[in-house]
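In: take this sequence and fold it.
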Amino acid sequence: MSENIHPLLPSAPPRKKINPIDLRQKKERHEAITMLTAYDYPSAAILDEAGVDAILVGDSLGMVVLGYPNTLPVTMGDMLHHCKAVARGAKWALRIGDMPFMSYQVSIQEAVRNAGRFLQEAAMDAVKLEGGRERVEVIKKIISAGIPVMGHIGLTPQSFHQLGGFHPQGRHAHEAVRLLEDALYLQEAGCFSLVLESVPAQLASYISQQLDIPTIGIGAGVGCDGQVLVTHDLIGLFDRFMPRFVKRYANLGQLMKNAIEQYCQDVRRRDFPAAEHSIEMNKEEWETFLKLVQPITSPKRVEEELK
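Out: Residues are numbered from 1 along each chain as shown. Now for the predicted structure:
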C-alpha cells in the first residue's frame, strides 16, 4: 500500500469508459462536458489522464499538424492514421473521428463505408460530420449501421467557401431560425450530440435548452452543455492565427523554442553532451582496444591495403 494513502480512507472509484449515453446523462444532471482535440498518441494519453470527457480527432489537424491553409486537403488516410495513434493513447475518453471533406458528401453508401472505417480500422467510438438538414439522410444511414454520430452546425469549416470565409453564423434572425431548425433536424435524425461553432451566445444557449441531446460549443458562449477547443490553440503550439473564442492556458510553443535555442547553443559550445550524458569504457578495456587496433590503423597497414 502506498504510504500516501490512509488505510481507512475510501479509495477513488475506478474510472469508467465514457460513451455517448454518458454525455446525455451529463446534460440531464447539468454537468458541463469537456472535449479537446488530439492528433497523436502522447497528446491523447495526456488528455485522457487529465480527465477530458471526449477527444475529437479533428480535421483541424490539416492546419495545426500538417500545415495546410484549411481543412479541405485532409484525406481519409490522414484521418485514419491519426485516429489510430489517438486510440492507442486514450483509454477512457469518448473517441470521436472527424469525417473529412468529401468522405460523406458523394453518396450515402460511401459515407456509411467511410464512417465504418473510423470504428473498424481506427478504434474510434463515434464520428462527427458537418451540416444540417442536408445531412439528415446520411446521418440516419450511418446511425442505422450502428455508428454514433455527432453533428456540427454554425460555422462549418469545410464549407468556408460557401459561407464566404470563417465568419460567425446566426447573427441575423432568419439565420438563427434556420440554425435552430437544423439542430432539431439533427436531433431527430439520431445525433447523440451537436457541435455549435461560432454562434451568438444567446442563440447557442436557446438551442441548447430546446434540445434533449447535449451541445458542445466552440465560440458559442457558456450556455452550451459543454465546450471544445483545438488543443494546439489552448497550449500555444499554433500561432498562425488565434480565434477570438480561444483562451490560451499556456505558451508551450515559446517554451519549446527557448529549449531548442538553448540546445543549439550547448551543442555549438560543446557543452552537450557532457560526461553525465555519455557512455564510457573502463580503462582496461580501452587500453586493450588501443592495442588491438594499432596494427589496423598503422600507416604501414594502410599503405599495404592501398596496394
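In: what ranges do the strands span in the stretch 151-300 of the chain?
Out: Ranges of strands in the stretch 151-300 of the chain, per DSSP state E, counting those that start in this stretch, are 193-197, 215-218, 226-229.
In: looking at those strands, which is nearest to Arg240?
Out: strand 226-229 (15.8 Å; C-beta to C-beta). (Glycine included, C-beta is placed from N, CA and C.)
In: by contact count, what packs against the closest one?
Out: Packing partners of strand 226-229 (3 or more C-beta pairs under 8 Å, 6 or more residues apart in numbering; DSSP states H and E): strand 33-37, strand 54-57, strand 215-218.
In: got the contact list for the first one?
Out: Yep, that's strand 33-37 we're talking about. Identification of contacts with strand 33-37 by C-beta atoms under 8 Å, 6 or more residues apart in numbering yields 23, 26-27, 47, 51-58, 60-61, 96, 214, 216, 225-232, 234.
In: equivalent analysis for the second one, please.
Out: Counting by C-beta under 8 Å, 6+ apart, strand 54-57 makes contact with 18, 23, 33-39, 44, 47-48, 79, 82-83, 86, 90, 93-98, 124, 128, 216, 226, 228, all of which sit outside it.
In: kindly format the C-alpha coordinates of the helix or strand just after that strand as PDB.
Out: Using DSSP states H and E, the helix or strand that follows strand 54-57 in sequence is helix 61-64. Presented in PDB, the C-alpha positions along helix 61-64 are these (Å, rounded to 0.1, in the frame of the first residue of the first chain):
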ATOM      1  CA  LEU A  61      -5.100  18.500 -37.900                       C
ATOM      2  CA  GLY A  62      -4.800  19.700 -41.500                       C
ATOM      3  CA  MET A  63      -3.900  23.200 -40.300                       C
ATOM      4  CA  VAL A  64      -2.300  22.700 -36.900                       C
END
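In: helices or strands up against the helix or strand following helix 61-64?
Out: Counting by DSSP H and E, the element after helix 61-64 in chain order, helix or strand, is helix 76-89. If you count contacts as 3+ C-beta pairs under 8 Å, 6+ apart, helix 76-89 packs onto helix 41-50, strand 54-57, helix 61-64, strand 94-98, helix 108-120.
In: please redo it, this time with the cut-off set to 7 Å
Out: Applying 3 or more C-beta pairs under 7 Å, 6 or more residues apart in numbering; DSSP states H and E, one finds that helix 76-89 makes contact with helix 41-50, strand 54-57, strand 94-98, helix 108-120.
In: show me what contacts the closest residue to Tyr41 other than its chain neighbours?
Out: Among residues not flanking Tyr41 along the chain, Gly89 sits closest, at 4.1 Å (C-beta to C-beta, 6 or more residues apart in numbering). Contacts for Gly89 (C-beta atoms under 7 Å, 6 or more residues apart in numbering) come out as Tyr41, Pro42, Ala44, Ala45, Asp48.
In: before we move on, back to that, give the buried subset of the contacts of strand 33-37 as a ChimeraX selection command.
Out: Buried subset of the contacts of strand 33-37, written as a ChimeraX selection, criterion 16 or more other C-beta atoms under 10 Å:
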select :23,26,27,47,52,53,54,55,56,57,58,60,61,96,214,216,225,226,227,228,229,230,231,232,234
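In: alpha carbons only: can I get stretch 259-269 in PDB?
Out: In PDB, the C-alpha atoms belonging to stretch 259-269 read as follows (Å, rounded to 0.1, in the frame of the first residue of the first chain):
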ATOM      1  CA  ALA A 259      14.600  25.000 -25.100                       C
ATOM      2  CA  ILE A 260      15.700  24.300 -28.700                       C
ATOM      3  CA  GLU A 261      17.700  27.500 -28.800                       C
ATOM      4  CA  GLN A 262      19.400  26.500 -25.600                       C
ATOM      5  CA  TYR A 263      20.100  23.000 -27.000                       C
ATOM      6  CA  CYS A 264      21.700  24.600 -30.200                       C
ATOM      7  CA  GLN A 265      23.900  26.800 -28.100                       C
ATOM      8  CA  ASP A 266      25.100  23.900 -25.900                       C
ATOM      9  CA  VAL A 267      25.900  21.800 -28.900                       C
ATOM     10  CA  ARG A 268      27.800  24.600 -30.600                       C
ATOM     11  CA  ARG A 269      29.800  25.400 -27.500                       C
END
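In: can you pull out the residues in contact with it?
Out: So stretch 259-269 is contacted by Phe272 (C-beta under 7 Å, 6+ apart).
In: picking up where we left off before, out of the helices and strands packed on helix 76-89, the one nearest Arg244 is which?
Out: Nearest of the helices and strands packed on helix 76-89 (C-beta to C-beta): strand 54-57, 20.3 Å.
In: brilliant, that's me finished.
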